[in-house]
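my questions are about this predicted structure, shown below with the sequence.
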Amino acid sequence: MSRSTASTLNFALAGLALAASLALSGTASAKTLVYCSEGSPENFTPALNTTGTSFDAARPVYDKLTQFTRGSTQVEPGLAESWTVSPDGKVFTFKLRKGVKFHSGVNGFKPTRDFNADDVLFSFERQWKADHPYAKVSGGKYDYFADMGLNDDVLSIEKLDPLTVRITLKKANVTMLANLAMDFASIHSAEYADMLAKANKKEQLDQQPVGTGPFSFVMYQKDAVIRYKANPAYWGEKALVDDLVFAITPDPTARYSKLKAKECHFVIAPRPADLPEMQKDATLNVINQPGLNIAYWAFNTQKPPFDKKEVRQALSMAIDKAAIIKDVYLGAGTGAKNLIPPTLWSYNNGVKEYAHDVAKAKDLLAKAGVKTPLEIDLWYMPVQRPYNPNAKRIAEMMQSDLAKVGVNAKLVTYEWGEYRKRMQQGEHITGMLGWTGDNGDPDNFFFLRGCEAARPGGQNLSKWCNKEFDSRLEKARSTADIKERTRLYTEMQQIEHDDAPDFKIAHSVVYEVMRKEVTGYKQSPFGSHQFNGVDLK
């Protein structure tokens, strides 16, 4: 780090501490809410990302056509004030909200018009059309849009008039309105994009964002701090604080220390071992709810011997899941046997979990023709996630269990962004990740094992493609009949269990901790963090 960079960083951190101290002491004229976040965003364009860390950093800035009522799975109007859906479930017509203002000041941008249909077309066509002027900017990978099949399923996106947009699909998709409330569908300013293109600064669209959200972007000091200010012209539920600060603090122990020292108001993902002390602290408020999530260990089915289901089943039997739940989750998680958690409709409780059985695991490996010792890699996440409080510890426990069946696992990790990118490309032999649902629909978990998402760069980290599973996934998207969808999803869970493309570890309880001064915060079932409507006493 250069001296000038270090000085800038120290100044930013000093300013952050002062702002936090003033805000918490009540002596500042402006209210500043400080969130000790767990990591740095990859950029500020959700369409380019797949992690909650990056989504959280962009969420204050943007709106979507539809949105989830804060703290629930209920879809409500966003930038679209109303919509109609054709009887065949293929045509969605959105009436856009009038008079919505874009942020001004970022990169010297001053909007000359309100939000309209051009912004919707720009935001979706960038992800959909390969010849779009912004398609290849910042790497140009739109994994959500592609993995959910929208590349192939969208027939047209049309501007009927300045405040009306029509999206036509090739086949019905009953999850569409909920999908459009997800972060990848955030709406950008086409006018801001045009300004940057003329200045030959297209990448700035993703690094210095402009949206219509409750907060506007101020600055980002990499790996240190993100600053936002309240948008007084916001059309929806307004920010109740003047400034919002993300103090980037990857270590959970450091986050807890900052919380106690009044350097931040809100933290996520506390260490399970710290929870009893936190719950006794009269200055803190600890909240929790069952997570809409799954932690799993993926087997790369494109790499021998994991192309054989018997090998995948054997390693599923080799791991002592109960010991992991007891040692790592400390009561804040339950063992998983399906991709979806038991709180989600269509959960198949009839699936029989693979029992921990060392002798049977050895026998299955031998029958599959595997010569031991077998050398594999076992990738583990470098960060704490809501579904996994300590991936390294779990990896070490797995490594020990695998050695008992003649499998030598080399532990591997990378920086978080690099880790995900390499796994999505399929470089791993085996690796850990997880998922927190985005929209409350089972489809949002099952697409993780769909054939479309098994492509290089896709989010199907097992690279598993099963036509029986995939045909049911497509059928379930095209019918609004909940009983029929439940039947299809029930069958899919059994198919996936039997083929064992992954070892499911746990569904966690999600804990979040804030100082007692924080009011109005609502915990999201999707593990997202939203600060409009939140105040400081």
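That came through, no problem. It should be emphasised that the depicted structure is a prediction, and the values quoted were computed from it without experimental measurement.

going forward, measure contacts between C-alpha atoms and count neighbours the same way
Noted.

next, the nearest residue to residue 224 once chain neighbours are set aside: phi, psi?
Nearest residue to residue 224, sequence neighbours excluded (Cα to Cα, 6 or more residues apart in numbering): residue 248, at 5.1 Å. Phi and psi for residue 248, reported as degrees, to the nearest 10, are phi -70, psi 120.

just residue 67 next, same as before
Dihedral pair for residue 67: phi -150, psi 170, per degrees, to the nearest 10.

skip the chain neighbours and tell me the closest residue to it.
For residue 67, ignoring the flanking residues on the chain, the nearest one in space by Cα to Cα, 6+ apart is residue 181 at 4.3 Å.

for that neighbour, what are its contacts?
For residue 181, the set of contacting residues under the criterion of Cα atoms under 8 Å, 6 or more residues apart in numbering consists of 64-68, 75, 439.

hang on, the earlier thing: give me the number of residues near the residue nearest to residue 224?
The burial metric for residue 248, expressed as a neighbour count using other Cα atoms under 10 Å, is 20.

contacting residues around it?
Counting by Cα under 8 Å, 6+ apart, the residues that residue 248 touches are 36-40, 223-226.

top of these by neighbour count?
Neighbour counts for the contacts of residue 248 were taken using other Cα under 10 Å; the highest belongs to residue 37, which has 27 neighbours.

hang on, it packs against residue 267?
Yes: contact status for residue 37 versus residue 267: in contact at 6.5 Å, counting by Cα atoms under 8 Å.

residue 445 - that's part of a helix, no?
Yes: for residue 445, which was evaluated using DSSP: H, G, I helix; E, B strand; the rest coil, the result is membership in a helix.

looking at it, it is touching residue 340, isn't it?
Yes: taking Cα under 8 Å as the contact criterion, residue 445 and residue 340 are neighbours in contact, 6.3 Å apart.

ok, back up a step: helix, strand or coil for the residue nearest to residue 67?
Assigned state for residue 181: coil (three-state reduction, three-state DSSP).

residue 506 too?
Following three-state DSSP, the label given to residue 506 is strand.

counting neighbours, which bits of whichever strand or helix holds residue 483 end up buried?
Element membership of residue 483, judged by DSSP states H and E, is helix 482-499. Residues of helix 482-499 classed as buried under the neighbour-count rule (16 or more other Cα atoms under 10 Å) are 485-486, 488-494, 496-498.

what's opposite residue 36 in the beta bridge?
Taking DSSP bridges, one finds residue 247, residue 267 as the beta-bridge partners of residue 36.

relative to residue 224, how far out is it?
Per Cα to Cα, to the nearest Å, residue 36 is found 10 Å from residue 224.

list residues touching both of the two?
Both residue 36 and residue 224 are in contact with 247-249, where contact means Cα under 8 Å, 6+ apart.

can you put the residues you listed in CSV and add distance to residue 384 and pLDDT?
Written out in CSV, the entries for the shared contacts of residue 36 and residue 224 read as follows (distance: Cα to Cα, whole Å; pLDDT from 0 to 100):
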residue, distance to residue 384, pLDDT
247, 16, 98
248, 13, 97
249, 11, 96
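
quick one: which of those residues is nearest residue 138?
Checking the shared contacts of residue 36 and residue 224 against residue 138 with Cα to Cα, the nearest one is residue 248 at 22.5 Å.

relative to residue 39, how far out is the closest one?
The separation that residue 248 has from residue 39, given Cα to Cα, amounts to 6 Å.

got it, and residue 151?
From residue 151 to residue 39 the distance is 30 Å (Cα to Cα).

helices along the stretch 301-450 of the chain, start to end?
Along the stretch 301-450 of the chain, counting by DSSP state H, counting those that start in this stretch, helices occupy 309-318, 321-324, 358-367, 391-403, 416-425, 443-446.

buried ones in the fourth one?
What that stands for is helix 391-403. Under the neighbour-count criterion of 16+ other Cα under 10 Å, helix 391-403 has 391-392, 394-402 buried.

and the two most separated of these?
Taking Cα to Cα, the two most distant members of those are 391 and 402; they sit 16.1 Å apart.

count the residues that sit near the closest residue to residue 318 other than its chain neighbours.
Of all residues not flanking residue 318 in the chain, residue 358 sits nearest, at 5.4 Å (Cα to Cα, 6+ apart). Taking other Cα under 10 Å as the neighbour definition, residue 358 ends up with a count of 19.

picking up where we left off before, higher neighbour count, residue 445 and residue 340?
residue 340 (27 against 22).

next up, the contacts around that one.
Taking Cα under 8 Å, 6+ apart as the definition of contact, the neighbours of residue 340 are 292-294, 347, 442, 445-446.

try 7 Å this time
Residue 340 makes contacts with 294, 347, 442, 445, as judged by Cα atoms under 7 Å, 6 or more residues apart in numbering.

in those, find the pair that's most separated.
294 and 347 (13.0 Å).

higher neighbour count, these two?
Set side by side, residue 294 and residue 347 give different neighbour counts by other Cα under 10 Å, the larger being at residue 294 (27 against 18).

ok so the more buried one is a strand residue?
Yes: read with three-state DSSP, residue 294 is one of the residues of a strand.

run a quick neighbour tally on the nearest residue to it once chain neighbours are set aside.
What sits nearest to residue 294 in space, not counting adjacent residues and going by Cα to Cα, 6+ apart, is residue 507, at 4.9 Å. Around residue 507 there are 32 other residues, counting by other Cα under 10 Å.

check contacts around residue 507.
The contact partners of residue 507, taken as Cα under 7 Å, 6+ apart, are 291, 293-295, 333-336, 341, 387.

circling back to that earlier point, quick check: phi and psi at the residue nearest to residue 67.
In this entry, residue 181 is assigned phi and psi values of phi -90, psi 0 (degrees, to the nearest 10).
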